Structure formats: structure tokens, C-alpha cells
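>>> A predicted structure for the sequence below; I have some questions about it.
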Amino acid sequence: MKKFFTTPIFYINDVPHIGHAYCTLAADTIARFWRKKLGRENVFFLTGVDENSQKTVDAAEKLGEPIEKYLQKMATIWRETWEKCGIDFDDFIRTTEPRHVRTVHEILQKIYDAGDIFPGEYSGLYCTGCESFLKKSDLDEHGNCPAHKVPPQKIQEKNYFFRLSKFQKPLLELFEKNPKLLEPEKRRNEILSFIRGGLDDISISRENAEFGIPLPWDESHKIYVWFDALINYRSGCPSEDFWKNSCHFLGKDITRFHCVIWPAMLISAGISTPAEEFAHGFFTVDGEKMSKSLDNVISPLELSQKFGNDALRLGLLSAFEFGNDGDFSFAQFENFYRTKLAGGVGNLFNRVIVLIHKFLAGKKPENLNAENDEIFKNFEKLLETKKIRSAIEIFFETVDGANELLNSTEPWKLAKVDLPAAEKVFAKLLQKLEILASMAEVLLPETFPKMQKMLGDEKKVGAPEILFPPVEK
Ligand code: ME8
């Protein structure tokens with residue numbers, strides 16, 4: 001079996017923050033889990049950036065930079081940020097790349113040929129911040145876009161439209177057939193009630209827009225950025241075998257695009273729809289929405305430089321269950337690092353390995369194996385259903401269990417009076433460390449090789465190491 005995982009492609013009018021990192025680290029963790037199960041060649045993880053947006057044009061203009069230069073610079077920043085954060089993507093797509101433009105043209109032509117695109121006149125409201133058309137009923141009491149707090153633009157122009165209204169029934173049938181088309185349940189219900197409420201045709205092109213991909217049959221129009229962006233998942237998919245088991249990760253803010261417009265486009269073009277989509281929640285920082293105006297935007301690099309990539313990953317992913325909303329705070333993150341990583345995992349590995357050196361001259365006691373299988377099976381089940389936080393909990397429960405065993409049996413005292421009994425305790429502890437290392441391959445990929453080194457070979461354990469060094473306040 002092959003598996004294909006994607007993240008949204010992010011707008012690059014600014015640098016990445018931990019909201020973007022949250023989704024990308026979650027997708028990366030699930031991809032690592034499946035790579036461990038199926039082998040590297042059977043898993044493909046795609047991420048990238050959404051470049052054909054008015055937001056990027058505005059950002060470049062503000063800096064007085066030519067757009068191509070700005071895009072190149074920002075795409076590099078995004079790509080390198082993910083690399084520095086230890087995200088192991090197989091491909092990074094930019095929507096200005098020729099391979100993407102080609103796929104967009106192919107798919108749009110198919111939708112056009114199917115008779116689902118027609119010319120018309122658009123008159124309405126548009127928010128560049130959302131890159132989305134708004135209805136009067138979407139606006140707040142001041143007549144502003146509720147997300148961006150600015151009045152939307154009034155637009156009246158000749159546009160091409162996508163006949164979305166036609167797809168109400170096919171979409172409902174599709175959701176009926178495929179319960180994984182959108183998870184969790186709560187999001188699925190929202191989308192179902194949105195579809196049941198009736199679908200309007202949508203404008204998919206802008207006349208005389210300065211930037212973007214032109215329509216294949218009418219070059220005077222540029223394709224609406226969402227209509228091009230969603231297609232990145234096809235442009236970046238290596239083969240139909242991967243597409244069959246595709247899974248899109250996204251935030252709950254963009255489910256209508258992904259679970260209404262996107263499957264309708266694919267049905268129209270005669271392409272199979274994604275196998276799975278999962279919408280995660282949003283987090284606030286110290287109870288507030290993350291925003292420039294509140295000056296509370298946290299960079300993933302800031303956390304990774306101070307605490308390391310594995311702490312960044314687990315600190316974010318353990319804050320609340322994947323799929324729910326939650327809160328993130330720096331204090332809670334620091335506390336997690338100190339108590340769970342340094343004081344929990346790091347301390348456990350260090351103590352056990354030091355004691356085995358001291359009392360058994362580094363020689364490994366014989367191993368028993370049964371209990372480990374059970375723990376790992378539970379861990380696997382949770383990751384198969386994308387319950388990332390619960391899987392992390394199993395990891396820490398195992399750490400706590402091992403620390404308790406160590407403290408209650410006190411093998412450093414036992415070894416002096418009954419060495420064979422102490423050896424049995426060490427065997428149990430080593431077993432726990434092995435299972436932890438095996439979970440760490442997925443959850444703590446940069447710590448995993450260090451754990452392996454400490455666990456040594458069949459006969460002897462390796463040298464002790466500090467896995468999570470103390471950090472300054
Ligand atoms: O929507 N908490 O890009 P975008 C959790 N280009 N996740 C957050 C978050 C937060 N506070 N803030 C942002 C776009 N996100 C389009 C996508 S895909 C074909 C095109 C994450 O840069 C979350 O995953 O606005 C959300 O869906 C995504 O960033 C939006 O990124």
C-alpha cells in the first residue's frame with residue numbers, strides 16, 4: 001500500500017508561525033509513522049507554498065521588491081524553516097512552478113470541456129486577506145470581514161464561474177460513501193449542513209488581474225487563487241497509486257474549500273476524490289488569537305533553537321488533541337520541556353544506562369518481550385486514527401511507569417545485596433527503554449538515534465548521554 005500526505009500550501013506574505021508549524025509537524029509525524037510501517041518508498045509527504053495570491057503581490061509592493069524576487073526569497077524561507085524544524089517532506093511545491101501551471105491547465109480544461117465553467121458577471125464583495133468572496137451576512141456589525149477587520153472590496157466584473165450548484169447531490173453521496181472524506185465528526189457535520197443548505201456557483205477568474213495563472217482558453221483572465229491552489233495536491237502527487245490513498249491535513253478554517261469546492265472540481269474533471277481529509281483545530285496563545293497587532297506571534301524557529309526540534313514537535317502536538325481547539329503558552333511549553341522531556345524521558349534513559357554500567361559493567365541482562373507488543377499496538381492504533389496527543393500520552397505513561405519501577409525497586413541498593421534480582425529489574429527497565437525508543441522513532445525523530453546509541457548492541461549498552469539538556473530561563 002502507498003500513502004500520500006499533504007499540508008495546506010501556505011501563503012508567503014509573511015514568515016511561518018507555530019500555527020503553520022503545528023499542521024506541518026502533525027502531518028510529518030503521521031507520515032513518519034506510516035514510513036516506519038510501510039517503508040520509505042511507500043509514503044510521500046508533500047508540502048509547499050501558495051504564491052499566486054494578491055497578498056504576496058501586496059507584500060512585495062510594500063517592500064518595493066520585484067514579485068519574482070520576493071517569491072523566491074519567501075519560498076526559500078518557508079522551505080528552510082521546515083528543514084530546520086526537522087520536517088522530512090518528500091517534495092515542496094510552489095504554485096508558480098511550470099509543473100503546477102501545467103496540471104492546473106489540464107484540470108481546468110477538463111472542467112471547461114465538461115461544461116461546468118461558464119462566463120458571467122460578478123458583482124459582490126471580496127476580502128483579499130481571506131482570498132475569498134463574502135456575503136453581506138458574513139460581515140461583522142461594522143461591515144468588516146470578521147477575520148481581517150477591514151471592509152471587503154466591492155467587485156463588479158466579467159468572470160468565469162464554476163457550476164458548483166450542480167454538485168450538491170454528488171457531494172452528499174460522496175460523503176455518504178466515504179466517512180473519512182472529512183474528519184473529525186464535528187467538522188464533517190458542519191460541512192454536510194453547509195452542502196444541504198444549497199450551493200451557489202462560484203466565480204473562478206479575475207479579469208485583468210496582474211498576477212496569477214491565466215485561463216487556458218482566455219488569457220485575459222487569471223485563475224482565482226483557490227481554484228489554482230487546491231490543484232497543487234495533484235501537481236505534487238507522484239502517481240495514481242499514491243493518489244488512491246491521499247490524505248489532506250488542513251485547518252478548520254479551510255474545510256469549505258477542501259471538502260466542497262475541491263471534490264466538486266475533481267468529480268467534474270473525472271478524477272477520483274481524496275481518500276481522507278482531516279481538519280485540525282486552532283490554538284490561541286495565552287488565550288488570545290495569534291496576531292501581529294497583539295505582538296504574540298511565535299516563530300517555530302525560536303522554540304526549536306532554544307529547546308530543539310523534538311521539543312517543538314511534542315510541545316505543540318501534546319498541548320491538546322489533534323482535531324480540537326486549544327491553547328498554547330510559553331510557560332506551559334517550558335514546563336513540558338523541564339518535567340516531561342528533561343526530567344521524564346531524559347532522566348530515565350540516563351539513570352538506567354548509568355546503573356547498568358555501574359552494576360553490570362554495561363552488560364545487557366536477558367530480555368523478556370511480551371508486554372511491549374501490547375503498548376506498541378495501542379500506540380499504533382491511536383496513530384492510525386490520528387489521535388496524536390493520545391499516542392504521546394502512551395509514550396509518557398510508559399516513561400512514568402519505568403521511572404516508578406526504578407524508584408520503587410531501587411536497583412542501586414538491590415544490586416548490592418541480590419545482584420540476580422537487580423538484573424531482572426534492569427531487564428524490565430531496558431525493555432521499557434526499547435519500546436520508548438521505538439515510539440520515539442515517530443515522535444522524537446532527532447532523539448531516536450541518540451536513544452539507539454545508548455541502548456547499544458545485543459550484548460552491551462552504549463555510553464550514557466544527556467538527551468534534553470537544561471535550558472536557561
Ligand atoms: O489558507 N492554529 O494558507 P494560510 C492552528 N493558502 N493552525 C493554524 C493557525 C493557528 N492559530 N493559524 C494558521 C491558506 N494555521 C491557503 C491554503 S491549500 C490548497 C491553500 C494553519 O497561510 C492551519 O492549518 O492562511 C490553516 O488551515 C493554515 O495554517 C492556513 O494557512
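Yes, it's here.
>>> Test my guess that L317 contacts T24.
No: at 11.1 Å, L317 and T24 do not qualify as touching, with contact defined as Cβ atoms under 8 Å. Glycine gets a C-beta too; all of them are placed from N, C-alpha and C.
>>> Looking at those two, which is more packed in?
Using other Cβ atoms under 10 Å as the criterion, L317 and T24 rank with T24 on top: 24 against 19.
>>> in which helix or strand would I find the more buried one?
Element membership of T24, judged by DSSP states H and E, is helix 18-38.
>>> Please apply the same query to L125.
Per DSSP H and E: L125 is located in strand 117-127.
>>> Then D200?
When the helices and strands are read off by DSSP H and E, none of them contains D200.
>>> Quick check: nearest residue in space to S205, chain neighbours excluded?
Closest residue to S205 apart from its sequence neighbours, by Cβ to Cβ, 6 or more residues apart in numbering: H221 at 3.9 Å.
>>> Then I155?
The spatially closest residue to I155, leaving aside those adjacent along the chain, is Y126, at 5.0 Å (Cβ to Cβ, 6+ apart).
>>> Pull the contacting residues for that neighbour.
Residues in contact with Y126 (Cβ atoms under 8 Å, 6 or more residues apart in numbering) are S132, F133, L134, P152, Q153, I155.
>>> Run through the bridge partners of it.
Beta bridges link Y126 to F133, Q153 when assigned by DSSP bridges.
>>> Just give me the neighbour total for P170.
Close neighbours of P170, defined as other Cβ under 10 Å, add up to 14.
>>> That one: what secondary structure?
Assigned with DSSP: H, G, I helix; E, B strand; the rest coil, P170 falls in the helix class.
>>> shouldn't it be in contact with A264?
Yes: proximity of P170 to A264 meets the contact threshold set by Cβ under 8 Å, at 7.5 Å.
>>> What subset of the contacts of Y126 is buried?
Among those, those classed as buried by neighbour count (16 or more other Cβ atoms under 10 Å) are S132, F133, L134, P152.
>>> Serialize those residues to a markdown table and add fields for pLDDT and distance to E106.
Output for the buried ones among the contacts of Y126, formatted as a markdown table (pLDDT from 0 to 100; distance: Cβ to Cβ, whole Å):
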| residue | pLDDT | distance to E106 |
| --- | --- | --- |
| S132 | 85 | 25 |
| F133 | 85 | 25 |
| L134 | 88 | 30 |
| P152 | 92 | 32 |
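>>> how many neighbours does whichever residue of the stretch 1-150 of the chain sits closest to the ligand have?
The minimum distance from the stretch 1-150 of the chain to the ligand, using Cβ to the nearest ligand atom, falls at G19 (2.4 Å). Residues within reach of G19, counting by other Cβ under 10 Å, total 22.
>>> In space, what's closest to it - neighbours in sequence excluded?
Nearest residue to G19 in three dimensions, chain neighbours excluded: M290, at 6.1 Å (Cβ to Cβ, 6+ apart).
>>> Give me the secondary structure label for that neighbour.
Look at M290: counting by three-state DSSP, its state is coil.
>>> Assign a three-state SS to the nearest residue to I77 once chain neighbours are set aside, would you?
With sequence-adjacent residues excluded and distances taken as Cβ to Cβ, 6+ apart, I77 is closest to V15, at 5.9 Å. Recorded secondary structure, V15: coil (three-state DSSP).
>>> My guess is V15 contacts I298. True?
No: here V15 does not reach I298: they are 11.4 Å apart, not a contact under Cβ under 8 Å.
>>> So for these two, which sits in the more crowded spot?
Neighbours were counted for V15 and for I298 using other Cβ under 10 Å; I298 has more, 18 against 14.
>>> show me what contacts the more buried one?
Counted by Cβ under 8 Å, 6+ apart, I298 has contacts H17, I18, V285, M290, F328, F330.
>>> what pLDDT does it get?
Turning to I298, the model gives it a pLDDT of 94.
>>> tell me the contacts of E441?
Applying Cβ under 8 Å, 6+ apart, the residues near E441 are R32, K36, F448.
>>> roughly how far apart are the last one and L230?
So the one you mean is F448. Taking Cβ to Cβ, to the nearest Å as the measure, F448 falls 35 Å from L230.
>>> out of the two, which sits in the more crowded spot?
Higher neighbour count among F448 and L230: L230, with 23 against 19, using other Cβ under 10 Å.
>>> My read is that T95 contacts I9, right?
Yes: counting by Cβ under 8 Å, I9 is a contact partner of T95 at 6.6 Å.
>>> Now do the shared contacts for these two.
G48, V49, D50, A229, N232.
>>> The residues you listed in helices, which ones?
Residues of the shared contacts of T95 and I9 located in helices (DSSP state H): A229, N232.
>>> Adding distance to F162 and pLDDT as columns, could you present the shared contacts of T95 and I9 in TSV?
TSV is the format used below for those (distance: Cβ to Cβ, whole Å; pLDDT from 0 to 100):
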residue	distance to F162	pLDDT
G48	23	98
V49	24	98
D50	19	98
A229	14	98
N232	17	98
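>>> tell me, which of the shared contacts of T95 and I9 make contact with the ligand?
Near the ligand, judged by Cβ under 6 Å from any ligand atom, the entries from those are D50, A229, N232.
>>> Now for the residue lying closest to S318 once chain neighbours are set aside: which residues touch it?
Leaving aside its sequence neighbours, S318 sits nearest to I392 (Cβ to Cβ, 6+ apart; 4.6 Å). By Cβ under 8 Å, 6+ apart, the contact list for I392 reads L314, L317, S318, L443.
>>> and if you look at P238?
By Cβ under 8 Å, 6+ apart, the contact list for P238 reads F4, F44, D91.
>>> Any of those residues buried? List them.
Buried subset of the contacts of P238 (neighbour count, 16+ other Cβ under 10 Å): F4, F44.
>>> And L419, how far from the ligand?
L419 is 53 Å from the ligand, where distance means Cβ to the nearest ligand atom, to the nearest Å.
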